[in-house]
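Undergrad: Dropping a prediction and its sequence here:
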Amino acid sequence: MMRLRSLTPMVQIILLVALCGVLYFPYLGSTPFFDKGEPREALAVQDIVQRGEWLFPLKKATDIPSKPPLFHWSAALAAEVTGRLSESTIRFPSAVYATLGALLLYLFGRRLFGAEIALLGGAILATTMVYQNQALSARVDMTLCFYVTASLVLFYSLYRGFLTRQIWYYVFFAVIGVSMLAKGPLGLLLPALVIATFLALKRRWDLVVKFAFHPGVLLTVLLGAGWYVIALMRGGEGFVDRQLLQENLERFFGGSGHSHPVYYYIPYLFSQGLPWSFFLPFVLWDSFKKGAFSNDDSLFLKVWFFVMFVFFSISSGKRPVYLLPLYPPLALLTAAWFYHQVTALGCRIYFYRSIAVVAGVAGLVLFIITLGALWNHDPGWFFAAIERLLKPKDRANLVVIRNALATFGWSFTIVSLLSGLLWLSFAGCLWTGKLQSGAKRLVLISILLAFVTRAMVVPVMAEAKSYRAFMAEVNQQVKPGDQLYLYGGDSFNSDPVIFYRGGPIDTLEQPAQVISNKSGSGDQYVIMSQKTWGKISDIYPNLPPPLFKSEGKGPEGDAPLVLMKGRNSASG
């Protein structure tokens, strides 16, 4: 088998782009919006496209968004170019930034460790669970991750002399300024903490002064703080309270609804780093043991990882996705670790072989599923055997997934067979201590897992929560000239409803009796939760039934919607 180092840089770049292309772009539109976060950001993009408000976009044309507009600008540009405002165009920037981030890490790693480690590092980052998830999410986190990564790569390239022309200093400060438009002051604070810590450890106080007082700082101020000044003039106190106080100071010091203990991220560091986090204990042990500060290249990556982990851990507000910017250095450290493991000694042999046993069992189970599918002509036959072991709610979800798998027919059978072979091969590599070969197989396994989860499992689960199908019926029933209202918005998340309607919807604040008077014939319609409708119908039992109900139950799974038809004011 041809070694990776024998491939030209262009071929390696093509391989990495192809990997990201297979992992991300086919699934951008496969899943409807079904959580709270994506439609919230989508409404700001919708405002840019429909009202042309690029500088200070709003949600629902009235509400101040919680994040700066860099992601929304990127998504709106994709919508303008394609002529479509959809899930795929709004998620497109995240996939692009994720691909660029993997490429940037490869180029950086090539200068630090050589071609093989760099390519594996880019592949590890691209296939890490949290990175894959955010590459397919209409959220700002991948945008922030890319620009923070770019700013730190630029800094270290200047520090090491990889970049020598003065123009690169200005590029560095410009990138930090743009980074502030991704997720606020965090775009400046994260790189600054890493750089300051690294220079303090190296006792390079001269560089602290050089970077702190470089003329390029003006670019950071103009690009980052400049937009904030304009937004402050437009949004006033409401903007300050929403974007600066709530989303930054209150979240760091008070949590803002996401308060967790300091050790909260320890299990998430493992779960979000799958499948590579199986080796995380040894990667961290070998990286931070004696002699960890002897090499500048690895030291910078360790500082990058450790400073961010500590920063997010001491913050009161915590969400698992916040850890995303520390996975690029961890990916390179993991890749370097794989290539430095020549022989396995002591307890490591037993640890690797224990993982090999788990991988082997997974491969055997997949073979059994494949054989059963060939025998029964039913790809989901395996799930029938475990249905009776589950709770009724979990059993219902399993039945939905099983029925969905049946629609894939031979494609699922082929994927399960290939996955089984790869898991067994991976187990063999670990059993014999061939970790580098095992890492390459783990990349291939990740591609197949992405297909199963993103093309088969997640879309089915999303449909159970999404309002997309319901709003498609609403848009057929309610013509552009008709009046549509929302009632009882506190009982359900209205963001996806407004997005799939294609624009703002008026809200009714009247009590239940007024709503009941609207029920009848006419050209007015009301959307409300089924629970709210039940309360109103208990008071007024003679009301006509809803026109139709939603199958999707909302982000929390407890708010199916109904569409009511009402009388207009002229008809009394």
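TA: Now that the structure is in, tell me what you want to look at. Numbers count the residues shown, from 1 in each chain.
Undergrad: Which strands and helices lie in contact with the longest helix along the chain?
TA: Scanning the chain for the helix with the most residues, using DSSP state H, yields helix 347-376. Applying 3 or more CB pairs under 8 Å, 6 or more residues apart in numbering; DSSP states H and E, we find helix 347-376 packed against helix 381-387, helix 410-431. The C-beta positions use only the backbone N, C-alpha and C, and glycine is treated the same way.
Undergrad: Please name the nearest non-neighbouring residue to the residue nearest the centre of the chain.
TA: Centroid-nearest residue in the chain, with CA atoms, centre = their mean: Gln134, separated by 1.8 Å. Once flanking residues are discounted, Gln134 sits nearest to Met142: 4.4 Å by CB to CB, 6 or more residues apart in numbering.
Undergrad: ranges for the strands of the stretch 451-572 of the chain?
TA: Using DSSP state E, counting those that start in this stretch, the strands of the stretch 451-572 of the chain run over 483-487, 506-508, 519-529, 548-549, 561-566.
Undergrad: Tell me how many other residues surround the residue lying closest to Pro496 once chain neighbours are set aside.
TA: Nearest in space to Pro496, with sequence neighbours left out and distances taken as CB to CB, 6+ apart, is Pro39 at 4.1 Å. If you count neighbours by other CB atoms under 10 Å, Pro39 ends up with 27.
Undergrad: Figure out the helix or strand that Pro39 lives in.
TA: If you go by DSSP states H and E, Pro39 is part of helix 37-51.
Undergrad: low-scoring stretches of the stretch 301-450 of the chain, by residue?
TA: 342-346, 373-410 (pLDDT under 70).
Undergrad: buried set for stretch 361-368?
TA: Across stretch 361-368, burial judged by 16 or more other CB atoms under 10 Å covers Ala362, Gly363, Leu366, Phe367.
Undergrad: Give me the distance between the residue nearest to the centre of the chain and Thr143.
TA: 9 Å (CB to CB, to the nearest Å).
Undergrad: Between these two, which contacts overlap?
TA: Among the neighbours of Gln134, those also in contact with Thr143 (CB atoms under 8 Å, 6 or more residues apart in numbering) are Ser94.
Undergrad: Thr507 pairs with what?
TA: Leu486 (DSSP bridges).
Undergrad: Please tell me I have it right and it contacts Asp490.
TA: No - in this structure, Thr507 is not within contact of Asp490 by CB atoms under 8 Å, at 10.3 Å.
Undergrad: neighbour count winner among those two?
TA: Applying other CB under 10 Å to Thr507 and Asp490 shows that Thr507 carries more neighbours, namely 12 against 8.
Undergrad: mind listing what the more buried one touches?
TA: By CB under 8 Å, 6+ apart, the contact list for Thr507 reads Tyr485, Leu486, Tyr487, Gly489.
Undergrad: mind listing what the second one touches?
TA: Leu486 makes contacts with Ser494, Val497, Ile505, Asp506, Thr507, Leu508, Val526, Ile527, Met528, as judged by CB under 8 Å, 6+ apart.
Undergrad: List buried residues within the residues you listed.
TA: Those of these that meet the buried threshold are Ser494, Val497, Ile505, Leu508, Val526, Ile527, Met528, by 16+ other CB under 10 Å.
Undergrad: In those residues, find the pair that's most separated.
TA: Across the buried ones among the contacts of Leu486, no pair lies farther apart than Val497 and Leu508, at 13.7 Å, counting by CB to CB.
Undergrad: who's in contact with Val130?
TA: Gln272, Gly273, Pro320, Val321, Leu323, Leu324, Tyr327 are the contacts of Val130 under CB under 8 Å, 6+ apart.
Undergrad: Now the first one. Nearest residue, chain neighbours left out?
TA: If I follow you right, that is Gln272. Spatial nearest neighbour of Gln272, chain neighbours left out: Val130 (3.8 Å); criterion: CB to CB, 6+ apart.
Undergrad: tell me the pLDDT at the one you found?
TA: Per-residue pLDDT puts Val130 at 96.
Undergrad: Please report the distance of the residue nearest to Pro496 from Leu28.
TA: From Pro39 across to Leu28, the span is 15 Å (CB to CB).
Undergrad: Ok, Thr432 next?
TA: Distance, Thr432 to Leu28, by CB to CB: 39 Å.
Undergrad: These two: which is more packed in?
TA: The neighbour count for Thr432 versus Leu28, taken as other CB under 10 Å, is higher for Leu28 (20 against 14).
Undergrad: Surely Arg348 touches Phe279?
TA: No - in this structure Arg348 lies outside contact range of Phe279 using CB under 8 Å: 10.0 Å.
Undergrad: If you count surrounding residues, which of these two has more?
TA: Using other CB under 10 Å as the criterion, Arg348 and Phe279 rank with Phe279 on top: 23 against 13.
Undergrad: who touches the more buried one in this structure?
TA: Counting by CB under 8 Å, 6+ apart, Phe279 makes contact with Thr334, Trp337, Phe338.
Undergrad: please redo it, this time with the cut-off set to 10 Å
TA: The contact partners of Phe279, by CB atoms under 10 Å, 6 or more residues apart in numbering, come to 273, 286, 334, 337-338, 341, 351-352, 355, 430, 435, 438-439, 442.
Undergrad: from the residues you listed, which would you call buried?
TA: Listed as buried from these are 273, 334, 337-338, 341, 351-352, 355, 430, 435, 438-439, 442; burial here means 16+ other CB under 10 Å.
Undergrad: can I get the residues you listed in CSV with distance to Tyr156?
TA: Listed next are those as CSV, based on distance: CB to CB, whole Å:
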residue, distance to Tyr156
Gly273, 22
Thr334, 18
Trp337, 19
Phe338, 22
Gln341, 25
Phe351, 32
Tyr352, 32
Ile355, 33
Leu430, 33
Leu435, 27
Gly438, 30
Ala439, 25
Leu442, 28
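Undergrad: returning to what we had before: show me which pair in the contacts of Val130 is furthest apart.
TA: The span of these, defined through CB to CB, is set by Gly273 and Val321 at 12.8 Å.
Undergrad: distance of the nearest residue to Arg441 once chain neighbours are set aside from Glu116?
TA: Closest residue to Arg441 apart from its sequence neighbours, by CB to CB, 6+ apart: Phe426 at 4.4 Å. Phe426 is 19 Å from Glu116, where distance means CB to CB.
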